[in-house]
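Asks: Sequence first, predicted coordinates after that:
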Amino acid sequence: MSCQRTRKPFLPFRMSNRPNILWICTDQQRFDTLGAFGNPYAQTPNLDKFVKEGTAFKNAFCQSPVCAPSRASFLTGRYPRTTRCRQNGQSIPSDELLVSSVFNRAAYRCGLAGKLHLASCSDGKVEVRTDDGYDDFSWSHHPQPDWEENAYTQWLKKHGQDWHDLQGEKISPYIQEGPPAEFHQTTWCAEKTIDFIRENQGENWFFSFNCFDPHHPFDPPAEYLDRFNAQDMPLPSEHPAEKDTKPSFQLLDRIWAHNNPGEFHTEAMSDNDRRQVCAAYHAMVTLIDDQVGRILQALEESGQAENTLVIFMSDHGEMLGDHGIYFKGPHFYDCQLRIPLIMRWPKGGILADRKIEGLIELVDLAPTFLDAASIDIPEQMQGKSLLPLLKGGNEAESCREQVYSEYYNSWTHGDAYGTMLRTKEEKIVVFHGTQQGEFYDLKNDPEEFFNLWDDPAAEKRKNAMISRCFDASVFTMDPYPPRLGPF
């Protein structure tokens, strides 16, 4: 769905004290997918260079482990329970204020290429737009040509291509060769981004790059898959005894991904299958890396790099076989909640080659962008600006003591209503109404293998964390509308 809104009158001069915003958001990308973050298997030279040029957050956590509630959360600076977009397939209420809309009202020209996912777009339905503020809206929820309105599908047709014809060899029940790189959806997203950068020099702009990769299915271009030897890839992180203490939702997903028989038979995978999936996932990330490199080069060539706040991130992670599970679901492991987050803005004073160890939440992004542009932060936003931290502020004063995440029948498992609270050393997960949960001592069990929920020796610590998690659920209530008087 490629469309443009009526163009705002061109401002006679650019407000030079305000940066452009280039927001690069991938889909379902784990934190540990970059070479700069210690992954010896990654091939990500452009993003590794970008990490050195900006500030990276090593412990950035999303507020929901699935797409729509996470995106609704970081686009509004509010928690999923507050936005009321708590599930995939729900539409964000029309009275929710998106940060892109705030920038649009502040005379920024706003554009998007790729996914938005703030409303249902299944069973042939096209996503209904909210007041998102995007003047240029090239919508492609995913690459498959399910709708004529898919702008990526339209682009392929202009090039005489059909997505089905571009599919390559099916290598196993778990991976397939996707379209070649020149006709890939990630490449299309990059092309739209580069066009927007070049066409909007001289005025303030805000652009969202939202490709679908490395979201499953695992289908990189053949030429990228060939860069990885599957036999060199590591097996997922798993302990042979851990399933005995895990919640029922995980036991089901260890058999079929998403607890959906016939889709992705996790239980039947061989070690070779797991290594091939790992290689395919890394190949998809490498394609992203190449396209990010193209975008950053175009930004540099346009002369706008110094005063553009560039953000690289993802909406949530991917299980990738860890703990015996693939894809996503009501699972609050770090590999699903912790995402790569890097920001660069040379003119704005963001420090280069700095890695922040402290905890932050993605609700903090929207206030940060507005703060950078000297735009008032709306009262209903629940996050806090990270700009002082990005400019050299003290981690102990600026980072969070805890992070909080939610899952309310969000995608799979209709009876899964979970809340999670994590500190540096402990994590609690409560599955409400089921008497099930998880409690991890992260200091001694950083890979989250040993669930202490039913361990009598951990009872006191577990209960203290349950209380803390319950407090977090109360303190994230909607601050809006504000109280106007004593009664």
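Replies: Structure received.
Asks: Quick one: name whatever helix or strand follows the host helix or strand of residue 73.
Replies: When elements are assigned from DSSP states H and E, residue 73 belongs to helix 67-76. Using DSSP H and E, the helix or strand that directly follows helix 67-76 along the chain is helix 80-83.
Asks: Show me what that next one is packed up against.
Replies: helix 67-76, strand 403-408 (3 or more Cβ pairs under 8 Å, 6 or more residues apart in numbering; DSSP states H and E). All C-beta spots, glycine's among them, are computed from the backbone N, C-alpha and C.
Asks: Just put those in TSV and tack on mean pLDDT and distance to residue 36.
Replies: Converted to TSV, these look like this (pLDDT from 0 to 100; distance: least, Cβ to Cβ, whole Å):
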stretch	mean pLDDT	distance to residue 36
helix 67-76	97	22
strand 403-408	98	22
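Asks: Give me whichever of these is most buried.
Replies: Neighbour counts (mean count of other Cβ atoms under 10 Å) averaged over each of the helices and strands packed on helix 80-83 peak at helix 67-76, with a mean of 28.
Asks: what sits up against it?
Replies: 27-28, 62-64, 78-80, 83, 85-90, 92, 96-100, 115-118, 315-316, 362-363, 365-366, 380-381, 406, 408, 410 (Cβ atoms under 8 Å, 6 or more residues apart in numbering).
Asks: Now list the buried members of those residues.
Replies: Neighbour counting with 16 or more other Cβ atoms under 10 Å marks 27-28, 62-64, 78-80, 83, 85-88, 90, 92, 96-100, 115-118, 315-316, 362-363, 365-366, 380-381, 406, 408, 410 as buried within these.
Asks: So which of these are in helices?
Replies: Using DSSP state H, the members of those that fall in helices are 80, 83, 99, 100, 365, 366.
Asks: and the first one, what does it touch?
Replies: In this case it means residue 80. Residue 80 makes contact with 63, 64, 69, 70, 72, 73, 86, 406, 408, 410, according to Cβ under 8 Å, 6+ apart.
Asks: hang on, the earlier thing: tabulate the ones in helices among the buried ones among the contacts of helix 67-76 (CSV), appending pLDDT.
Replies: What follows is those, written out as CSV (pLDDT from 0 to 100):
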residue, pLDDT
80, 96
83, 96
99, 98
100, 98
365, 98
366, 98
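Asks: Which of those sits closest to residue 354?
Replies: When these are ranked by distance to residue 354 (Cβ to Cβ), residue 365 comes first, at 17.5 Å.
Asks: The residue nearest to that closest one when sequence neighbours are not counted and residue 208, how far apart?
Replies: Sequence neighbours aside, residue 74 is the residue nearest to residue 365 in space, at 5.1 Å (criterion: Cβ to Cβ, 6 or more residues apart in numbering). Counting by Cβ to Cβ, to the nearest Å, the gap from residue 74 to residue 208 is 11 Å.
Asks: Just give the closest residue to the residue nearest in space to the middle of the chain, not the sequence neighbours.
Replies: Closest to where the C-alpha atoms of the chain average out (Cα atoms, centre = their mean) is residue 315, at 1.2 Å. Using Cβ to Cβ, 6+ apart and skipping residues adjacent in sequence, the residue nearest residue 315 is residue 70, 4.7 Å away.
Asks: Please apply the same query to residue 416.
Replies: In space, residue 416 is closest to residue 330, 3.7 Å off (Cβ to Cβ, 6+ apart).
Asks: contacting residues for that neighbour?
Replies: Residue 330 is in contact with 65, 247, 249, 407, 410, 412, 413, 416, 418, 431, counting by Cβ under 8 Å, 6+ apart.
Asks: where does it land on pLDDT?
Replies: For residue 330, the pLDDT comes out at 98.
Asks: Ok, residue 2 next?
Replies: You'll see residue 2 listed with a pLDDT of 55.
Asks: swap in the one 3 residues further on?
Replies: In the prediction, the pLDDT value recorded for residue 5 is 49.
Asks: Ok, residue 15 next?
Replies: For residue 15, pLDDT reads 58.
Asks: ok, now residue 9?
Replies: Listed pLDDT for residue 9 reads 38.
Asks: Relative to residue 318, how far out is residue 328?
Replies: 7 Å.
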